[in-house]
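Student: after the sequence you'll find the predicted model.
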Amino acid sequence: MKCLSRDEMEMFLTRSVVTNRSGIADHIATCSDCQRLEDALLEEQEQWAREMYAETLPESFTDQVMFALRDEEIEPVTPIPMTERVGRVTKKRRRKIWWVTVGVASILVLLGVASFYSIPTVAEIIRSLFSRNNVDIGLLRAQEFGLVQHPNIKVKDKGYTLKIDEAVADPTRVVVALQLFGPDGRHERERLRLLEERNGNRIVVKDEQGKVIGKLEDIRFTNDFYYLVAFFVQPIQSNRITIEGQIGIIDGDPWGKGFPAIKGNWNFEFPIDMTEAQKQTKITELQGEYTSPGGMTVRLKRLTRMVQGVRLELDTELSSEALARSPGDLWQKQELMFHFEDAAGSEIHSVNTRKHPSMNSLMTQSRIAGDKAGLMHLSYTFQYLPENQPYRFVFDGYYIAERDGSSVSFAPARLQEEPVFFRADGDDIRLKGFTIEQPPNTSSEETEGTLYVDGKLWNGDSFDDYWMARDSGGKEYRVSMGGSWSAGGSGWKDGMIQLSEDFEFQIPGMLAVPEKLTLIRNVVSKRYVNVDWSVEMNGSPENHNKEGLVGSIQQFGDLNLHVGRNEEAKGQRRKLSFLLYQTHSMWKPVGLLGGEEKPNAVLCFGELNLI
């Protein structure tokens, strides 16, 4: 697997990348470059939290409060004389009143501060799904519709306390805020590991029949509680789900300090009522299709609007000529490129673009083969799409795996002096060196040949199993890839993949430098951008392309988030006066971003508008 870019790592650590998460996690665990990038991003998140929320008070705080109160002048209180019936002489109690007042004030101040920093109470509310640096549009909509549930889970064993005070669920995803406190009452953010295969710990989602339909994973979005999320590629239909946690060991040792594994029982279970969330689910049937010059037909099918997300469904179908270029199951390996833009042409979201910068709020996607060759059912779930404002779906192109056979032959020993180029279908790769490497300097436990390359790719980046090498004796070898790459472009249909200077083609099982070697690309992830199709969603009922295809589109989506509208019906109005930035896939608090980035969304006093 290739190394992750900064954007990809941010998506992995936050919310957007949900496909092949285990494979990405395994890669990070064995890649020092990705580990450094992960550590840097996590430290960045922790720095934001440290600046926004103090963890402890200085030891001198109490003394400072008492000293400040001693210097304050307290307004004298007129003594109330005792009645004659009591038969006592009236006395002035000014000094005593002063000290009582100071004492009460001190207690109130200290209690107020203690309630802010203690566990539980306000500290837990601030360190919640709705704190400034955690909240996203889906959560705010869930809050708007009253879908935030408080299971009040508290399980204590061996001195460690597991707490869950917030959970949010709709057919799109489940989000749970889990806190773990150590014997000293402090947050233990890195001690709990949900690694079912290794330590048996897991938190799952079950439907009404008890079937596991999802698994909660920590997306590491905060530094003091576990931000657990389960995404559903297909919207769940149950009116009631159960969150079940099986936690039998606390064994995290993130700093390598030799913390012992603690075995115990922190199991828990609680239900979530999905009835109201299901009522908010709206399905809109869509029409409109387009056939590309390359033989792919794209059909819009439906849009499902849920509280925390919007799911777009469409089909693709290949012509017989296009299907012949992708025999076997290659036709199933396809990706669409598209984006949404507002009436002014500004980007709302994009999928599989190389344009930089770009916006990405994709939460899940799925590809399911149809009942005949060449037919695919695709879905994409976004955090939101506009409803009351016009916007446009724009088709930018697609990738599809096709048979290739392009090759280049060379003398490996001479590459350093005489580099050779592999050039095919817009891809340009320079072969610049070759060595034989031994473990542990290999990608596996065996000796391998290492072909050093750099260059640029126009086509897709699905490398593994697409390449092979053949030596002068006719023996064939599997080829894998190692190293990092980046992609960038200024428009929706341009951009190249840039292979880094340390990129390698790895050939396991090659024991000596061959006299001659042929590098063969059997399959190419072909990139097609010769398309022209857009669909007006909330304006004109037509969709346009140069071929003149027209189809009706019904209105759907939701851009404005009126947090206050339900609250007003109850005579309440929640004032949200904080500002959020969304940079690529991460929400960040204002004032903590460097550079000249500008806000993509402003959230203030109950309404969200793109600006």
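Tutor: Sure thing, it's come through. Residues are numbered from 1 along each chain as shown.
Student: confidence score at T284?
Tutor: Note for T284: predicted pLDDT of 86.
Student: give me the element it is part of.
Tutor: For T284, the enclosing helix or strand under DSSP states H and E is strand 282-285.
Student: so after that strand, what's the next helix or strand?
Tutor: Next helix or strand after strand 282-285 toward the C-terminus (DSSP H and E): strand 289-291.
Student: that following strand pairs with which strands?
Tutor: Applying DSSP bridges to the sheet, strand 289-291 is found paired with strand 296-305 (antiparallel).
Student: dump the strand it pairs with to CSV, keeping only the CA atoms.
Tutor: Taking C-alpha atoms only, strand 296-305 is exported to CSV below (Å, rounded to 0.1, in the frame of the first residue of the first chain):
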residue,chain,number,x,y,z
MET,A,296,-19.8,4.3,-19.7
THR,A,297,-23.4,5.2,-19.0
VAL,A,298,-24.1,7.0,-15.6
ARG,A,299,-27.7,7.0,-14.3
LEU,A,300,-28.8,9.0,-11.3
LYS,A,301,-31.2,6.9,-9.1
ARG,A,302,-32.1,8.4,-5.7
LEU,A,303,-31.1,10.5,-2.9
THR,A,304,-31.7,9.6,0.7
ARG,A,305,-31.6,12.4,3.2
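Student: which helix or strand lies directly C-terminal to it?
Tutor: strand 310-318.
Student: and that next one, average pLDDT?
Tutor: 94.
Student: please list the residues outside it that contact it.
Tutor: 172, 235, 295-305, 326, 331, 334, 336, 370, 374-385, 398, 400, 556-558 (CB atoms under 8 Å, 6 or more residues apart in numbering). For the C-beta atoms, the positions are set from N, CA and C on the backbone; glycine is no exception.
Student: try it again with 7 Å
Tutor: 235, 295-304, 331, 334, 374-382, 384-385, 557 (CB atoms under 7 Å, 6 or more residues apart in numbering).
Student: and it, what's buried?
Tutor: Within strand 310-318, the residues that count as buried by 16 or more other CB atoms under 10 Å are 310-314, 316-318.
Student: what pLDDT does G245 get?
Tutor: For G245, pLDDT reads 97.
Student: grab the nearest non-local neighbour of S361.
Tutor: Take S361 and drop its neighbours on the chain: the residue closest to it by CB to CB, 6 or more residues apart in numbering is Q383, 4.0 Å away.
Student: quick check: longest strand of the chain.
Tutor: strand 391-410 (DSSP state E).
Student: same for that strand, what does it pack against?
Tutor: With contacts taken as 3 or more CB pairs under 7 Å, 6 or more residues apart in numbering; DSSP states H and E, strand 391-410 sits against strand 334-342, strand 420-424, strand 517-528, strand 533-536.
Student: what about 8 Å?
Tutor: strand 296-305, helix 320-325, strand 334-342, strand 420-424, strand 517-528, strand 533-536 (3 or more CB pairs under 8 Å, 6 or more residues apart in numbering; DSSP states H and E).
Student: want to try CSV for the ones you listed, with mean neighbour count as columns?
Tutor: Output for the helices and strands packed on strand 391-410, formatted as CSV (neighbours: other CB atoms under 10 Å):
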stretch, mean neighbour count
strand 296-305, 19
helix 320-325, 14
strand 334-342, 20
strand 420-424, 16
strand 517-528, 20
strand 533-536, 19
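Student: who's the nearest residue to D404 once chain neighbours are set aside bridged to?
Tutor: The shortest distance from D404 to any non-neighbouring residue, by CB to CB, 6+ apart, is to V524 (4.2 Å). Assessed by DSSP bridges, V524 has beta-bridge partners E402.
Student: what sits against V524?
Tutor: V524 touches 401-402, 404, 406, 424-425, 427, 459-460, 466, counting by CB under 8 Å, 6+ apart.
Student: most neighbours among those residues, which one?
Tutor: A401 (23 neighbours; other CB atoms under 10 Å).
Student: just the pLDDT at it, thanks.
Tutor: Predicted confidence (pLDDT) for A401: 95.
Student: next one: I97
Tutor: pLDDT at I97 comes out at 46.
Student: mind checking the SS state of Y227?
Tutor: Three-state assignment for Y227 (DSSP: H, G, I helix; E, B strand; the rest coil): strand.
Student: and for it, nearest residue in space, chain neighbours not counted?
Tutor: F221 (4.2 Å).
Student: doesn't K333 make contact with A401?
Tutor: Yes - counting by CB atoms under 8 Å, A401 touches K333, with 3.9 Å between them.
Student: now stretch 370-377: mean pLDDT?
Tutor: Mean pLDDT, stretch 370-377: 94.
Student: residues contacting it, please?
Tutor: Contacts of stretch 370-377 (CB under 8 Å, 6+ apart): 313, 315-319, 322-323, 331-332, 334, 366-369.
Student: pick out the most distant pair among these.
Tutor: Pairwise distances across the contacts of stretch 370-377 (CB to CB) peak at 23.4 Å, for the pair S319 and S366.
Student: any weak-confidence spans in the protein?
Tutor: For the chain, the stretches with pLDDT under 70 are 1, 7, 11-23, 43-136, 462-465, 539-611.
Student: who are the contact partners of the residue nearest to K263 when sequence neighbours are not counted?
Tutor: Distances taken as CB to CB, 6+ apart put I249 closest to K263, at 5.2 Å, once the chain neighbours are dropped. Counting by CB under 8 Å, 6+ apart, I249 touches 199-201, 261-264.
Student: filter those down to the buried ones, PyMOL style.
Tutor: Only the buried entries of the contacts of I249 go into this PyMOL selection, using 16+ other CB under 10 Å:
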select buried, resi 199+201+262+264
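Student: nearest to P439, of the contacts of I249?
Tutor: Distances from P439 to these, taken by CB to CB, are shortest for N199, at 27.9 Å.
Student: surely R36 is within a helix?
Tutor: Yes - with three-state DSSP as the criterion, R36 is part of a helix.
Student: how many residues are close by it?
Tutor: 10.
Student: and the residue nearest to G495 when sequence neighbours are not counted, bridged to which residues?
Tutor: Spatial nearest neighbour of G495, excluding adjacent residues (CB to CB, 6+ apart): G489 at 2.2 Å. The partner list for G489 in beta bridges (DSSP bridges) reads K355.
Student: quick check: G489 touching R354?
Tutor: Yes - when contacts are counted by CB under 8 Å, G489 is listed as touching R354 (4.2 Å).
Student: so A322 sits against M296, correct?
Tutor: Yes - using CB under 8 Å, A322 makes contact with M296 at a distance of 6.2 Å.
Student: mutual contacts of these two, please.
Tutor: I400.
Student: can you list the domains in this protein?
Tutor: If you go by automatic domain parsing, the domain ranges for the chain are 61-117, 128-279, 570-610.
Student: returning to what we had before: out of the helices and strands packed on strand 391-410, nearest to P254?
Tutor: Of all those, strand 334-342 comes closest under CB to CB, at 35.3 Å.
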